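# coords please:
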Amino acid sequence: MLATVDAALAELDQEEKLLQEAKPVVEDGPEGETSLQLMQNVYRDRKLPLAVRVRCAVEAAPYENPRVSAVAVTHMNSQSFAEALDRAISRSSGPVLLNSPPELPAEELKGHASVCACNV
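Modelled structure (predicted):
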């Protein structure tokens with residue numbers, strides 16, 4: 001029985017050694033204090049594949065260059081803003097006004113229908 005226990009322990013030691021050898025070596029990547037700096041270091045490193053560098057450059061671009069967008073500029077003093085706010089509040093408290101077509105009398109609609117039928 002002792003021989004089988006020793007053999008099992010030796011087999012476990014071998015498996016443990018194999019597992020330790022199979023562990024991947026963790027390399028230190030490019031240094032950077034922030035994720036943006038890390039991406040910048042990666043896309044500037046000419047030793048890395050071009051596909052990796054291009055991907056990092058594309059991902060970093062929105063954070064390096066400002067995006068052009070429309071901005072509303074108004075000139076309001078505190079009094080005119082208060083008046084505009086009061087007008088908006090009074091509009092929101094009333095019924096919703098929808099742009100509906102004007103109502104026409106029935107006779108006028110019948111007249112248009114006969115005219116349209118003749119033109120067809």
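
# tell me the spacing between the closest residue to Met76 other than its chain neighbours and Val71.
Excluding the flanking residues, the one nearest Met76 by CB to CB, 6 or more residues apart in numbering is Ala84, at 7.2 Å. (Glycine included, C-beta is placed from N, CA and C.) Per CB to CB, to the nearest Å, Ala84 is found 19 Å from Val71.

# of these two, give the one with the bigger neighbour count.
The neighbour count for Ala84 versus Val71, taken as other CB atoms under 10 Å, is higher for Ala84 (12 against 5).

# where's the more buried one, which helix or strand?
helix 78-93 (DSSP states H and E).

# next one: Pro62
Per DSSP H and E: Pro62 is located in helix 50-64.

# could you name the helices and strands sitting against the helix holding Ala84?
Using 3 or more CB pairs under 8 Å, 6 or more residues apart in numbering; DSSP states H and E, no helix or strand is in contact with helix 78-93.

# now do the helices in this protein.
Using DSSP state H, the helices of the chain run over residues 2-22, 35-44, 50-64, 78-93, 106-119.

# can you give me the pLDDT of Val54?
Per-residue confidence (pLDDT) for Val54: 93.

# surely it touches Tyr43?
Yes. Judged on CB atoms under 8 Å, Val54 makes contact with Tyr43 at a distance of 7.4 Å.

# neighbour count for those two, which is higher?
Tyr43 (21 against 11).

# residues contacting the more buried one?
53-54, 56-57, 60 (CB atoms under 8 Å, 6 or more residues apart in numbering).

# which of those are buried?
Buried by 16 or more other CB atoms under 10 Å: 53, 56, 60, out of the contacts of Tyr43.

# against Glu103, how distant is the second one?
Going back to what we said before, that points to Cys56. From Cys56 to Glu103 the distance is 64 Å (CB to CB).

# likewise Ala82?
For Ala82, the distance to Glu103 equals 39 Å [CB to CB].

# who has more neighbours, those two?
Between Ala82 and Glu103, counted using other CB under 10 Å, the more crowded position is Ala82 (11 against 7).
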